[in-house]
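Engineer: Quick one: sequence plus predicted model below, questions after.
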Amino acid sequence: MKENKFICPICNSSDMTLRHEVNFVYSYKIDIDEPGLKNSEVFLSYEYDKRENKYSREYIECNRCGTQYPNTFLNGILGN
């Protein structure tokens, strides 16, 4: 693993995490057996009829002080 080229401007830690938050709404059609047209005998939550992405964001978080930065914080550093 390469040495970190960046530090948190608040606490000077180099212990950072890239996070990706996503919020989905899963829909299941109501029918005569289990909810969802794809569920026939047992309800399985991953057998949804429709999934909508309502919200997502990526950010960098300092694991030491908890400060969050936009994912552009690492522009020019990652991939070099």
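Structural biologist: Noted; the coordinates are in hand. Model, not experiment: these values are computed from the prediction.

Engineer: What lies in contact with the one helix or strand Ile60 maps to?
Structural biologist: In this assignment (DSSP states H and E), Ile60 forms part of strand 50-62. Identification of contacts with strand 50-62 by C-beta atoms under 8 Å, 6 or more residues apart in numbering yields 8, 10-11, 13, 15-27, 67-71, 73-74. C-betas here are computed from N, CA, C, even on glycine.

Engineer: switch the cut-off to 7 Å
Structural biologist: Residues outside strand 50-62 that contact it (C-beta atoms under 7 Å, 6 or more residues apart in numbering) are 8, 10-11, 13, 16-27, 68-71, 73-74.

Engineer: tell me the mean pLDDT over it?
Structural biologist: Mean pLDDT, strand 50-62: 91.

Engineer: For that strand, list the C-alpha coordinates in PDB.
Structural biologist: C-alpha atoms of strand 50-62 as PDB (Å, rounded to 0.1, in the frame of the first residue of the first chain):
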ATOM      1  CA  LYS A  50     -39.400  -1.800  -8.700                       C
ATOM      2  CA  ARG A  51     -36.400   0.000  -7.100                       C
ATOM      3  CA  GLU A  52     -36.000   3.700  -7.100                       C
ATOM      4  CA  ASN A  53     -32.800   5.600  -6.200                       C
ATOM      5  CA  LYS A  54     -34.000   8.500  -4.100                       C
ATOM      6  CA  TYR A  55     -30.700   9.800  -2.800                       C
ATOM      7  CA  SER A  56     -27.000   9.200  -3.200                       C
ATOM      8  CA  ARG A  57     -23.800  11.000  -2.300                       C
ATOM      9  CA  GLU A  58     -20.100  10.300  -2.100                       C
ATOM     10  CA  TYR A  59     -17.800  11.900   0.400                       C
ATOM     11  CA  ILE A  60     -14.500  11.600   2.200                       C
ATOM     12  CA  GLU A  61     -14.600  11.200   5.900                       C
ATOM     13  CA  CYS A  62     -11.700  11.600   8.400                       C
END
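
Engineer: Before I go, just wanted to say thanks for your time.
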